[in-house]
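S.K.: what's the 3D shape of this:
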Amino acid sequence: MNATPGQLPPESALENIPRLITAYYTGKPDPAITAQRVAFGTSGHRGSSLRASFNDAHIAAVSQAVCTYRKNKNIDGPLFIGVDTHALSEPAFATALEVLAANGIETMIAAGGEYTPTPAISHSILVYNGGRSAGLADGIVITPSHNPPEDGGFKYNPPNGGPADTDATGWIETEANRLIEGGLVQVRRMPYAQARRAPTTHEHDFLGAYVDDLHNAVDMDVIRGSGIKLGADPLGGAGVHYWARIAEQYKLDLTVVSETVDPTFRFMSLDWDGRIRMDPSSSFAMQRLIGLKDRFDVAFACDTDHDRHGIVARSVGLLPANNYLAVAIDYLFRNRPRWRSDAAVGKTAVSSAMIDRVAARLGRRLYETPVGLKWFVDGLLDGSLGFGGEESAGATFTRIDGTVWTTDKDGIAAALLSAEITARSGRDPGEYYRDLTQVLGEPKSSRVDARANTEQKKKLSQLTPEKIQITELAGEKVQHVLDRAPGNNGRIGGIKVMAENGWFAARPSGTEDIYKIYAESFIDDAHLKRILSEAQSVVDKTIGAG
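M.R.: Predicted coordinates for the structure are as follows:
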């Protein structure tokens, strides 16, 4: 197989979709094998039918567990459910609906079988629950996000509209595995055709509701008035029909570069490792839109469930995710006068320190948390956070009036914000970021993966500052060694070491026998290399790796 990063995939790299769907219905998970059990990570349960980690049994069990969880928590409003364009999403939706209908859950499905982005689910939950104290809604998004075509995923969003917290996902995971171990005999289920006709199954116009409200989050008037040329690439994902509706409704000069939906995703250029991923933050995966950058003043793409964004500026091509977060934060807090004066900036512990400098210059409190947008949900709900974002190109922000928009990542709004920035400032986001660096310094950043076995990864996840023997980092005095995020005191699942002009963080991978080092320098590339080298040395010594 000739699989070159940045090139279109050869035929031999494409997934066999009939085989994938067959495995979904015929595969049976073995609860004794850890990799075949239900496991909720930061973004729900993910797996593949080809690995017996995502199939009919898993989704039936998880759906029943969600029904029981709702009953235990007295959540008795409608459940909003949506799917993305991965091949396993449609069969998983059918399984879930069979269980939801059999349990008598009022279920809102997309009108006309439309695909549904994650932010549209969050938006619908929040709009429905606005002003209510009982009969609250929640939701399910069936998506593995930007993962390869053979993967499936299942996320639960409680009534706060955001990703479920670990208490909820832990309970659902445990209950689902118990049901699988019991042979699914306690799972209520009815045939799909009957579930579609059930009096509890209702169609909902997710697309119309979201697009109609979008002008309350992004200033569509300033975009339209500027006449700038925009490009959007849905990457064959769930927002594929949203962009044309947005362009028509708000009269924007916006070209949708492709509306192709193909479960093999053969139109995607290969990612860094020769695999197909719909990752809008990857320059390898974004080759199509990068190649078209000179046609547009600014262009953007979203991943398969449209909760992540990628911004392509005419001036620089694809912006690194951290760079755009810094730009968005600086712009929003200068151009949202109705936001609370004490509204804070939310960032994760491994996001760029450029954000720290932007927040300090704005005079805004920085709220730094472990990885995961779930840590920002409460602040977004009450307006004490104006923005919440993470280094993996996921972010959301409050409405123009400072009230909640979504509490899950919203790639559509973040993408359109780049158009608002360009329209109002007269600079595309690449030029805007360049101007920021002239005042605040220009960070150099990198991430490396290092080998670590299960025991070493466990040690890393449990490290405390007392166990790290380091007083200097690349020639600078160490200012802080953290195992907890300063914003909410949550464990970061690793360690972060900070000096005046550089930092690193080390965290174990949840899926591979590696740990990840994130590093940044505000001096130069040589300083960054020194930070990375010292970081790996001190971590390996501490956990007994290398």
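
S.K.: Packing partners of the helix ranked longest in the chain?
M.R.: When every helix of the chain is counted residue by residue (DSSP state H), the longest turns out to be helix 525-543. The criterion is 3 or more Cβ pairs under 8 Å, 6 or more residues apart in numbering; DSSP states H and E, and the helices and strands that helix 525-543 contacts are strand 444-451, helix 454-461, strand 491-499, strand 502-508, strand 514-521. C-beta here means a position set from N, CA and C on the backbone, and glycine is covered the same way.

S.K.: Which one, of those, ends up nearest to residue 139?
M.R.: strand 491-499 (26.5 Å; Cβ to Cβ).

S.K.: So for the longest helix of the chain, what gets flagged as buried?
M.R.: Judged by neighbour count using 16 or more other Cβ atoms under 10 Å, the buried positions of helix 525-543 are 527-528, 530-532, 534-536, 538-540, 542-543.

S.K.: So what's the residue count around residue 381?
M.R.: Residue crowding around residue 381 was assessed by other Cβ atoms under 10 Å; the count is 17.

S.K.: helices or strands up against whatever helix or strand it lives in?
M.R.: In the assignment (DSSP states H and E), residue 381 maps to helix 377-382. Using 3+ Cβ pairs under 8 Å, 6+ apart as the contact criterion, the secondary-structure elements in contact with helix 377-382 are strand 344-348, strand 385-390.

S.K.: Please name the spatially closest residue to residue 365 (chain neighbours excluded).
M.R.: residue 344 (4.1 Å; Cβ to Cβ, 6 or more residues apart in numbering).

S.K.: Count the residues that sit near that neighbour.
M.R.: 21.

S.K.: repeat for residue 451
M.R.: For residue 451, the number of neighbouring residues by other Cβ under 10 Å comes to 12.

S.K.: mind checking how far the residue lying closest to it once chain neighbours are set aside is from residue 279?
M.R.: Nearest-residue entry for residue 451: residue 514, 6.0 Å, with adjacent residues in sequence omitted and distances by Cβ to Cβ, 6+ apart. When Cβ to Cβ, to the nearest Å is the yardstick, residue 514 and residue 279 sit 18 Å from each other.

S.K.: The two: which has the busier surroundings?
M.R.: residue 279 (24 against 15).

S.K.: wait, doesn't that one sit right on residue 301?
M.R.: No. Using Cβ atoms under 8 Å, residue 279 is not in contact with residue 301; the gap is 9.5 Å.

S.K.: Between these two, which contacts overlap?
M.R.: By Cβ atoms under 8 Å, 6 or more residues apart in numbering, residue 279 and residue 301 have these common neighbours: 286, 310.

S.K.: which SS class is residue 395?
M.R.: Reducing the assignment at residue 395 to three states with DSSP: H, G, I helix; E, B strand; the rest coil gives strand.

S.K.: hmm, back to that, what's opposite the residue nearest to residue 365 in the beta bridge?
M.R.: Beta bridges link residue 344 to residue 385, judged by DSSP bridges.

S.K.: Could you tell me the model confidence score at it?
M.R.: Residue 344 carries a pLDDT score of 98 in this model.

S.K.: start at 46 instead
M.R.: New numbering, starting at 46: the last item is residue 389.

S.K.: sorry, back to before: which residues make contact with the longest helix of the chain from outside it?
M.R.: Here helix 570-588 makes contact (Cβ under 8 Å, 6+ apart) with 489-491, 493, 495, 497, 501, 504-505, 508, 512-515, 518-520, 540, 542, 546-549, 551, 560, 562, 564-566, 590-591.
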